[in-house]
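J.: No sequence on hand, only this structure:
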């Protein structure tokens, strides 16, 4: 299920930011926020690539801003998973207001004109916060808001965006899906 190409990309980045920069559990193990320095910069750079964009260098300041944005975005995914779309929408509205996201058309990297959302602050963190909030607003404002989710595997709280046709995704990755299936198989055999 696709929303539109730019929205798909920034929603994928939103999920990747949450998964890489927020603490919790991942694939049955504790997941710590990456510490300041190269680990956080690398995690932030990986998250930004999730939208299919070009690889870009991330400064320590930008990585810190993106970690803060990731914590704000996690609220949205957790609220949708809990069936509380109102809280998710209010959180997105807070992000949109804080960043003063405004649309404009851009053309770069050999791509055709496409819509971007940036805030007047001009920092990379605020620009990504504005873009991710706008993408999530498009998702929440439509009938497909339930396509945002949190992994249902035990000991995993990583998030995902369900782009499947039938909208039945329940896991953040095939790793978690396989863990659950293996545990169920072993339980049946015991």
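T.: Right, received. Where do you want to start? Owing to the predicted nature of the structure, the values given are computational and were not obtained by experimental measurement.
J.: quick one: buried residues of stretch 79-88?
T.: 79, 80, 81, 88 (16 or more other CB atoms under 10 Å). Every residue, glycine included, has its C-beta placed from N, CA and C.
J.: which two of these lie the greatest distance from each other?
T.: Distance extremes for these: the farthest pair is 81 and 88 at 9.2 Å, using CB to CB.
J.: what distance separates stretch 117-135 from the centre of its chain?
T.: Put simply, stretch 117-135 sits 14 Å off its chain's centre (CA atoms, centre = their mean, to the nearest Å).
J.: what residues does it touch?
T.: The contact list for stretch 117-135, computed with CB atoms under 8 Å, 6 or more residues apart in numbering, reads 3, 6-11, 13-14, 17, 48, 58-59, 61-62, 64-66, 68-69, 72-73, 92, 95-96, 98-104, 116.
J.: Report the rounded mean pLDDT for that stretch.
T.: Per-residue pLDDT over stretch 117-135 has a mean of 87.
J.: The contacts of stretch 117-135 in strands, which ones?
T.: 102, 103, 104, 116 (DSSP state E).
J.: who wins for neighbours among the residues you listed?
T.: Neighbour counts for the ones in strands among the contacts of stretch 117-135, by other CB atoms under 10 Å, peak at residue 116, which reaches 19 neighbours.
J.: which residues does that residue form a beta bridge with?
T.: Beta-bridge pairing for residue 116 (DSSP bridges): residue 104.
J.: list the contacts for the residue nearest the centre of the chain?
T.: Closest to where the C-alpha atoms of the chain average out (CA atoms, centre = their mean) is residue 15, at 1.5 Å. Contacts of residue 15 were listed using CB under 8 Å, 6+ apart, and they are 50, 77, 148, 159, 160, 161.
J.: Give me the distance between the third one and residue 62.
T.: Distance from residue 148 to residue 62, counting by CB to CB, to the nearest Å: 25 Å.
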